[in-house]
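A.B. asks: Sequence first, then the predicted structure:
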Amino acid sequence: MAGIGGYLKKHTEALVKAVGIEPACNVTGKSKATLGRYYSDNDEHRDRFMPIDTVALLEEAAGYPHVTAALAELRGVTLTFEDRRSNVERKSTVNSDVIALSQRFALLMSEYHQSIEDGTITVNEAKRMLRETTLLQQVLVDMKLNLEEESV
């Protein structure tokens, strides 16, 4: 459980920091000290985790489900985070998906190349690569749906 607890605390901290400590206090009605205890790795706070309603409020404010994604990863579940909100419904084809796939992969490799140049991948660089990976995953899902539709 220590590994899982530490993993969840790391993502809880990322969630609070994504929102900002002051805004997180305002959103949740909890103090800085209370929020800090939820991701503290001190022995006295080892068994203290953020309540699920607080997680929901913060994830809405953050715009990304940090803790929910961590829980899913622990169970081997993949979440699809859809942040494309186009005003026009775009109908893609397999051909356009292949092009989008190669473009997204090139962007991911570009981010990786820039990140690894100094031999270390920082937290911000990892977040950028994670975003590109998620967008790449969305293209693959679109492609899968189009292939399934064509095979019917």
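C.D. replies: That came through fine.
A.B. asks: residue ranges with poor pLDDT in the chain?
C.D. replies: 1-2, 80-91 (pLDDT under 70).
A.B. asks: in the lengthiest helix in the chain, what counts as buried?
C.D. replies: For the chain, the longest helix by residue count, based on DSSP state H, is helix 123-150. Judged by neighbour count (16 or more other C-beta atoms under 10 Å), helix 123-150 contains these buried residues: 125, 128-129, 131-132, 134-136, 138-139, 142-143, 146. Heads up, the C-betas are built off the backbone N, CA and C, glycines and all.
A.B. asks: Can I get the residues you listed in a markdown table including distance to residue 54?
C.D. replies: Conversion of the buried residues of helix 123-150 to a markdown table gives the following (distance: C-beta to C-beta, whole Å):
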| residue | distance to residue 54 |
| --- | --- |
| 125 | 29 |
| 128 | 27 |
| 129 | 28 |
| 131 | 25 |
| 132 | 30 |
| 134 | 24 |
| 135 | 29 |
| 136 | 31 |
| 138 | 28 |
| 139 | 33 |
| 142 | 34 |
| 143 | 37 |
| 146 | 39 |
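A.B. asks: nearest to residue 61, of those?
C.D. replies: Nearest to residue 61, judged by C-beta to C-beta, of these is residue 131 at 18.1 Å.
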